[in-house]
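Undergrad: structure, please.
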Amino acid sequence: MEFTETQENDVIRAVQHCVPFSERPFEEIGRQVGMPEAEVIELLTKWHDHGTLREISAILEGSALGHESALVAGIVPEAQLDAVVDAINAHPTVTHNYLRDHEYNLWYTIAAPVEVGLDAMIGALSRQTGIEFHALRRTSTYKIGVNFDLKTRQNSTQAAPLVTPDEVERTDETIGFFRALQTPAPITERPFDEVARQHGVDAGRLLAFGREHLGGAIRRYVGTLRHRKLGVRANAMIVWSVPSEALDAAGAILAQAPEVSHCYARNAIAGFPYTLYSMIHGPDLSDCERVAARLSDETGARDYRLLVSLEEYKKTRLRYFLPELDEWWAAHGGR
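TA: Coordinates of the predicted model:
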C-alpha cells in the first residue's frame, strides 16, 4: 500500500527510538503511531528491502561486557590507503571507518576485550599495516543517540541522562542472550521467537533478560538507517579545543542541540589538540557548517574544526563475543 510521508516518518522515528521487548513489538509501535501491526511490518519491510533500514538489534554497552573501545586516527599515505583500509575493515570489531579531510585522514572505531587490551589490539593493526595509529579514548560521554527525521533530513534527538552500567557477570547463558539480542531481528509479528530459535534460548527468558538490562548493558534496542539513502548526505565530526575546566559545560550545551547525535570528551594526541567531539548530520555540507557556527556561538568555543567524511569505508553495528575476533587475534596478535 501507499504510505504518507507523515506515516513513514512516524514509524521510522519510533523504530529508531525504541523497539520494545515484547512478544509483538511492531503491534506496540503501531499503537504508538496509530497504524495496524500489518502496515508497520509492511512499511519496515519495504525500507529494509530498499536498503534504507540497516537492521533492528541491540546496541550494547561494551564497558558492562568487559570490553574497552576507542576512536583511532592515523596518517595514511594515499598510495597505501587501499591496502590499509582493507586490513582495518577485516578486523571483526572495527565498526566505523572513514576517510576525513585532515592530515589525520583515516579514522576508525574499535573494541577489544580487556583481557587482550585495546592498546595491544591497535598495536597489532599498526604492525600489520605499517601505520602508527593513535587511540582517542572517551573520558566523558555527554550524548549518544541517532534519530533521523525524514522531513528535515537531519538528526533530531534530545539529551537524556546517561548512566554507567555495572559490569554484567559473563556466563554461558548471559553471553548467549547478548549474542541473540545483537543479531538483526526479522521483521515479523514475533521476531524474538525466531531470534531465540536461532540461538537455542528460551524466548520468554530472552525477553525478560532484555527488559532487565535495557538502559544498562543494553543501551538501546532500535533500528538503524543508512542515512545517505534518506537524503542526509553530509556528516561532519566537529572537534573542539576546549580547556579541561570548561569541557563539561561545553559538552552539556552541545548535548542539548538536537542536530548533535554523539558528543564525547577524548584525550588529545600529537598535532591534534582537540578534546571535545560532536557528530552532526545534514542534507549538505553547508547545513553542517551553519550548525557548527551556531554551536560555536552557544558554547563560546572558537577553536574548532569540521572533519568532513570524504569516504565511508565501513559502518556496522558492534558485535561482542565473536569467535572471529579470537581467530583474528590468533593470526595477528602477540607478534
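Undergrad: residue ranges in the protein under the pLDDT threshold?
TA: Applying pLDDT under 70 to the chain flags residues 153, 161, 334-335.
Undergrad: got a list of contacts for the top strand by length along it?
TA: Taking DSSP state E as the assignment, the strand of the chain that covers the most residues is strand 304-315. If you take Cβ atoms under 8 Å, 6 or more residues apart in numbering as the criterion, strand 304-315 is touched by 85, 88-89, 94-102, 107-108, 228, 234-241, 274, 285, 288-289, 292, 296. In this view, the C-beta of every residue, glycine as well, is placed from N, C-alpha and C.
Undergrad: who does it pair up with?
TA: According to DSSP bridges, strand 304-315 forms sheet pairs with strand 96-100 (antiparallel), strand 234-240 (antiparallel).
Undergrad: comparing those, which comes out most buried?
TA: Ranked by average neighbour count under the criterion mean count of other Cβ atoms under 10 Å, the strands paired with strand 304-315 are headed by strand 234-240 at a mean of 22.
Undergrad: for that strand, give me every contacting residue.
TA: 100, 107, 227, 250, 272, 274-285, 287-288, 292, 295, 299, 301, 303-309.
Undergrad: helices of this protein, start to end?
TA: Using DSSP state H, the helices of the chain run over residues 5-17, 25-33, 37-49, 81-89, 118-129, 172-181, 191-199, 203-213, 247-256, 285-299, 323-332.
Undergrad: show me what the third one is packed up against.
TA: Counting contacts by 3 or more Cβ pairs under 8 Å, 6 or more residues apart in numbering; DSSP states H and E, the secondary-structure elements packed against helix 37-49 are helix 5-17, helix 25-33, strand 53-60.
Undergrad: which one of the helices of the chain lies closest to residue 67?
TA: Across the helices of the chain, the minimum distance to residue 67, taken as Cβ to Cβ, is reached by helix 118-129, at 8.7 Å.
Undergrad: could you check that closest one and say which residues are buried?
TA: 118, 121, 122, 123, 124, 125, 128, 129 (16 or more other Cβ atoms under 10 Å).
Undergrad: what does stretch 154-163 give?
TA: Those would be 154, 155, 156, 157, 159, for stretch 154-163 by 16+ other Cβ under 10 Å.
Undergrad: measure the first one to residue 250 for me?
TA: If I follow you right, that is residue 154. According to Cβ to Cβ, to the nearest Å, residue 154 stands 21 Å off from residue 250.
Undergrad: what do you get for the second one?
TA: Shown here: residue 155 relative to residue 250, a distance of 19 Å by Cβ to Cβ.
Undergrad: if we look at stretch 116-131, which residues are touching it?
TA: 68-70, 72, 74-76, 80, 83-84, 87-88, 91, 106, 110-112, 132-133, 135, 137, 329, 332-335.
Undergrad: and residue 21, what does it touch?
TA: Applying Cβ under 8 Å, 6+ apart to residue 21 gives the contacts 192, 207, 210, 211, 214, 221.
Undergrad: kindly report the same for residue 316.
TA: Contacts of residue 316 (Cβ under 8 Å, 6+ apart): 95, 96.
Undergrad: which among the strands paired with strand 304-315 is found nearest to residue 265?
TA: Here strand 234-240 is closest among these (Cβ to Cβ), at 9.6 Å.
Undergrad: chain center to that closest one, what's the gap?
TA: 15 Å (Cα atoms, centre = their mean, to the nearest Å).
Undergrad: tilt between that strand and helix 247-256?
TA: Here strand 234-240 runs at 160 degrees with respect to helix 247-256, directions being taken by axes from the mean of the first three to the mean of the last three Cα atoms, to 10 degrees.
Undergrad: okay, strand 234-240 in PDB with CA atoms only?
TA: Taking C-alpha atoms only, strand 234-240 is exported to PDB below (Å, rounded to 0.1, in the frame of the first residue of the first chain):
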ATOM      1  CA  ALA A 234      26.600  15.100   4.800                       C
ATOM      2  CA  ASN A 235      28.100  14.300   8.100                       C
ATOM      3  CA  ALA A 236      30.800  16.000  10.000                       C
ATOM      4  CA  MET A 237      32.800  15.400  13.100                       C
ATOM      5  CA  ILE A 238      33.300  18.700  14.800                       C
ATOM      6  CA  VAL A 239      36.300  18.700  17.100                       C
ATOM      7  CA  TRP A 240      36.700  21.500  19.600                       C
END
